[in-house]
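In: attaching a predicted model along with its sequence, questions to come.
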Amino acid sequence: MKSNIDKVYSKLPNKHNFRKHNIELGLVQDLEDRVYDMVPIYEELVEISEKRQDLGIEYSSLKNKEAKLAATLKKEKSIILSELNEAKSKAKELGIELDVGVVIEKQLEDLDYAILANTSF
């Protein structure tokens, strides 16, 4: 009767190249190790991408607020200019010149430059 070991050996092919298999298994293990080494880099990439998306959402929100504030200022400027023109017209009817109007117009013009500088990126 053959022992269990003899039975196992009898079923194996006659030529064995265990060194070759050992080397191939070592290569596979090295590749697996390299893949596992990539995991922290991937996790950092995901974290950075999420932060960038959060910043994008915040940036978009700030741009919307900025646009609303600029629109409010432009609307107010338009109302002021309209009322200033009315005041100039009434002053002209009375025969006086409204010197303060020039100062107000200059300030409103400067406001346009300030709005443009703060809203154009």
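Out: Looks like it came in fine. Residues are numbered from 1 along each chain as shown.
In: burial of Val102, as a residue count?
Out: Burial of Val102, expressed as a neighbour count using other Cβ atoms under 10 Å, amounts to 12. (C-beta placed from N, C-alpha, C; glycine too.)
In: what helix or strand is it located in?
Out: Assigned by DSSP states H and E, Val102 belongs to helix 100-119.
In: same thing with Arg52?
Out: Judged by DSSP H and E, Arg52 forms part of helix 18-94.
In: and that helix, what other elements does it pack with?
Out: Applying 3 or more Cβ pairs under 8 Å, 6 or more residues apart in numbering; DSSP states H and E, we find helix 18-94 packed against helix 100-119.
In: buried ones in the helix it packs on?
Out: For helix 100-119, a neighbour-count test (16 or more other Cβ atoms under 10 Å) marks Leu108, Ile115 as buried.
In: where does the chain have its least confident helix or strand?
Out: helix 4-11 (a mean of 64; mean pLDDT, DSSP states H and E).
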